[in-house]
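Sequence and computational prediction follow.
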Amino acid sequence: MAEEKSKNFIEEIVEEDLRTGRVKEIQTRFPPEPNGYLHIGHTKAMCIDFGIAEKYGGKCNLRFDDTNPEKEDVKYVNAIIKDIKWMGFDFGDRVYYGSDYFDKLYDYAVELIKKGLAYVDDLDADQIREYRGTLTEPGKESPWRNRSIEENLDLFERMKNGEFESGEKVLRAKIDMASPNINFRDPVIYRIKKEPHHRTGDKWCIYPMYDFAHPLQDAIEGITHSLCSIEFANNRPLYEWFLEKLEIPNPPRQYEFARLNITHTVLSKRKLRELVEGGYVSGWNDPRMPTLSGLRRRGFTPESIRNFIDLIGISRTNSVVDWGLLEHCVRDHLNKVADRRMAVLRPVKVVIENYPEDLVEEFDVENNPEDPSKGTRKVPFSRDIYIEEDDFMIDPPRKYFRLKPGGEVRLKNAYFIKCTGYETDENGKVTLIRATYDPASRGGESPDGRKVRGTIHWVSAKHAIDAEVRLYDMLFNVENPDDVPEGGDFKDNLNPESLIVLKNCKLEPSLKEAQPEEKFQFLRLGYFCVDNVDSRPDALVFNRTVGLKDTWAKIASK
RNA sequence: UGCGGAUUGGUGUAACGGUAGCACGACUGACUCUGGAUCAGUUUGUUGAGGUUCGAAUCCUUAAUCCGCAGCCA
C-alpha cells in the first residue's frame, strides 16, 4: 500500500474541476519569454505546467510569449527548447508563439473598441504615468478617453498601418481611472514599436501588451488552467475582464503560486546577466550558474531537479529553499546511477618498497555497490601509486583513520600498506611516502582478522591518466546574496572559492574513454562529470557536481 | 495612510473542528573494504491578543510582520 502523497492546492482545484465537469481535459501551457535563458526558478513553473498536465492525462503547450520585439530573440527560443527537452518534458509538436495570434489579437482589440471599451490615447508615456495617480490617490481620465468609436477605429487602424511613430499613440482599455487596483486604470493594451519581430518581421508595428495578450492566447489554445507566479495575482481581475468583455466561452482560469527562491544564489535575469557580462562567471552555462545549461554542465540530472521541485511543494507563501536540498537530490540520484572510479586530485606518491618493481596486478572492482548489475572493471596496481595528500598526516589528531607514520591502512580493493617513512621539501610538504605491503591482504581482505579502520583510494602511478578537475562550490558564500550593508552590492558576496582548478590530477585508466556529461562518483570525493565544453579525449576536464557528505570534515573542524 | 496576497521546528511542506505529520538539516548510535550509502533513534514548530467550541493550526475579531502592484516589461 503506497502512502498517499498529499495534494497541493493546484491539484485540488484541478481534481475538483474534473469532478464537477467544468473541464473534461486538462490543458496547460508553459509560457517563457524568449529574452533570456531558463534557470532553476523557471523549472518550478515548468514542472507545474507540464507536471499537472502529465498527471491528469492532459496536455501542456510550449508557448513563447513574444509580444515585445525589442527584448526577444530566436537564439533564446532555441536554447529554451533545448533545455525543456533536456528536462524530459513533452510538448509534442505543440510549440506555439504568442506572435502566431497577432491577427486574432488585433481583431479582439477592434471588437473592444466597437464595444466602447478601448480607445486610442495621444498622451505620452510620462503623461500616462502622471494621469495614473498613485497607490493612494485615484488617477484622472485622459482628455482623449471619450473619442468616438469611429475615430478610435480609424486611429487604431492607422496605428497598425504605420502612420504614427513609436510611442506616439497607444490603445488603452477603458475601465476605471479610480480603481483601487492600478491595473484597472485604463491599462495600455497596444503600443507602437517600429521594430522588426523575430518571427513576424516587419508585418506589425503595433504589439499587444501582456495583460491583453495572455488571457486571449490562453483562450485561443483552449487552456483550462493558466498557472503563473504570484506577482500576477493583481493582474488576474484584468485577465478575467478581457475574457468576460470579449464573451469568451469556457474561459481559462488563472491560478498563482509562489516562485522559487534558493539560498546562496540569485535567480533574477538581471543579476545573472550582470554576472555574465561582468565576467564573474564564464558564461550563461558556467557550472556555478543556476541556469539549466549551467546545472547540466555541472553534472545535475533532470531527474534530480524534478525530484527537488517535487520535494519543495507548491504554495502561495514566499519562501527560500536551502541549496543543500538540491545537493541532497543530486547525491541521491547519482548515488544510484553513477559508476564509481578512483581519482586522486592532490597526488602524493607512495613507493611500496617490498612490492616487485616490474609487477603489475589487476583487481576486479565493482562499478557500483548500489547496483550489482553495473558489473566490475579491472584496475591495475603496481609498486608506485598515488594517494590523496589529505590521506596522510605526519602528526594526525585522534580518530584519524588514514595513513600515518607507522600506521596501516587499506588501499581500496588492493592491499594493506604500512607507512615506513616519508620525505618532505623545505616547506615541510610531504613529497614521498615509503611503505610496505602485506601480500596476504590481497584484494583488501584482512587475513588474520586484523582491524584496519581506514580505507583509502589510490591510482597506480604508471597507469594513471592526467586530467584537470574543477572543484565548484556555491557561487555566494552567504545565504542571501542581497544581504549587504548600505551601498553594497550582491556581487560583494560572491564566493572567491566557488571555483578551484586542479591540474595534473591522477585518474584510473578506465576513465580514458569518458564522454562529455558522463557522470561518476570519484570514490570518497564526490560526484564528477566530464565537462561538455572544454574536455578533450586527450585532455580530460571533470567538474565536481557536489562533494560526498563528509563526516570527517565535520569532526576535524571541531 | 489604497488594493491584493501571505504567516506551522533551522529550512520547505502537510494536517480542511478531533493524536501537529513528512522531507532536508542537526545530533546519537549500529553497520560498513567509500569517514559515502544504509539502518535505528533524538531534537526543535502552529506570529501575538481576545473570542466561539467538549475540543481550534483550522472558525470569528483584532493586532503585528512580510511580499506584490504606480512599464508604452512579462
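Thanks, I have it. Worth saying up front: this structure is predicted, and the values here are computed from it rather than measured. Residues are numbered from 1 along each chain as shown, chains lettered A, B, ... in the order given.

and the stretch 301-450 of chain A, which of its residues are near RNA strand B?
A:311-322, A:324-325, A:328, A:331-332, A:335, A:340, A:368-370, A:399-402, A:410, A:412-413, A:443-445 (Cβ under 7 Å from any atom of the strand). C-beta here means a position set from N, CA and C on the backbone, and glycine is covered the same way.

Could you list which of those belong to strands?
A:R340, A:R410 (DSSP state E).

In PyMOL, how would I select the buried members of the residues of the stretch 301-450 of chain A next to RNA strand B?
Here is the PyMOL selection string for the buried members of those, based on 16 or more other Cβ atoms under 10 Å:
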select buried, chain A and resi 312+314+321+328+331+340+368+400+401+402+410+412+413+444
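
So which of the residues of the stretch 301-450 of chain A next to RNA strand B sit within helices?
A:L311, A:I312, A:G324, A:L325, A:H328, A:R331, A:D332, A:N335 (DSSP state H).

got the contact list for the first one?
So that's A:L311. Residues counted as contacts of A:L311 (Cβ atoms under 8 Å, 6 or more residues apart in numbering) are A:L325, A:C329.

Report the separation between it and A:S282.
Distance, A:L311 to A:S282, by Cβ to Cβ, to the nearest Å: 30 Å.

Which residue is the nearest non-sequential neighbour of A:Y400?
A:M393 (6.0 Å; Cβ to Cβ, 6 or more residues apart in numbering).

Smallest distance to RNA strand B belongs to which residue of chain A?
A:G444 (2.1 Å; Cβ to the nearest atom of the strand).

What distance do you get for that residue to A:L548?
Counting by Cβ to Cβ - A:G444 and A:L548 are separated by 20 Å.

Repeat that for A:I385.
In terms of Cβ to Cβ, A:I385 sits 21 Å off from A:L548.

Also A:G375?
22 Å.

ok so, going back, okay, now the residue nearest to A:Y400: neighbour count?
Other residues within reach of A:M393, judged by other Cβ atoms under 10 Å, total 15.

Show the contacting residues for it.
A:Y400, A:R402, A:L403, A:K404.

Kindly report the same for A:N250.
A:V23.

One more: A:L227?
A:I10, A:T28, A:A45, A:I48, A:D49, A:I52, A:Q254, A:Y255, A:E256, A:F257.

In strands only, show me these.
A:T28, A:Q254, A:Y255, A:E256, A:F257.

ok, which of those also contact RNA strand B?
Among the ones in strands among the contacts of A:L227, RNA strand B is touched by none when using Cβ under 7 Å from any atom of the strand.

in chain A, what spans have low per-residue confidence?
For chain A, the stretches with pLDDT under 70 are A:1-4.

what bridges to A:F522?
A:R341, A:G526 (DSSP bridges).

So it sits against A:L334, correct?
No - A:F522 is beyond contact range of A:L334, at 11.2 Å (criterion: Cβ atoms under 8 Å).

Enumerate the residues of the stretch 151-300 of chain A near RNA strand B.
A:166-170, A:180-183, A:187-188, A:191-192, A:207, A:209-211, A:230-235, A:258.

Which of these fall in helices?
Per DSSP H, these map to helices at A:Y210, A:D211.

Can you give the domain ranges for chain A?
A:25-257, A:293-339+A:467-557, A:343-457 (automatic domain parsing).

okay if I get the ones you listed as CSV plus distance to A:T265?
Listed next are these as CSV, based on distance: least, Cβ to Cβ, whole Å:
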stretch, distance to A:T265
domain A:25-257, 8
domain A:293-339+A:467-557, 6
domain A:343-457, 25
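
wait, which of those is closest to A:G278?
Of all the domains of chain A, domain A:293-339+A:467-557 sits nearest to A:G278, with 7.3 Å by Cβ to Cβ.

End to end on the closest one, go ahead and measure it.
34 Å (Cα to Cα, to the nearest Å).

The closest residue in space to A:I220 that isn't next to it in sequence: what's it in contact with?
Among residues not flanking A:I220 along the chain, A:Y101 sits closest, at 5.5 Å (Cβ to Cβ, 6+ apart). For A:Y101, the contact set (Cβ under 8 Å, 6+ apart) comprises A:A213, A:L216, A:Q217, A:I220.

a markdown table for these, including secondary structure, distance to A:N35 and neighbour count?
A markdown table is the format used below for the contacts of A:Y101 (DSSP: H, G, I helix; E, B strand; the rest coil; distance: Cβ to Cβ, whole Å; neighbours: other Cβ atoms under 10 Å):
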| residue | secondary structure | distance to A:N35 | neighbour count |
| --- | --- | --- | --- |
| A:A213 | helix | 15 | 24 |
| A:L216 | helix | 21 | 23 |
| A:Q217 | helix | 17 | 28 |
| A:I220 | helix | 22 | 18 |
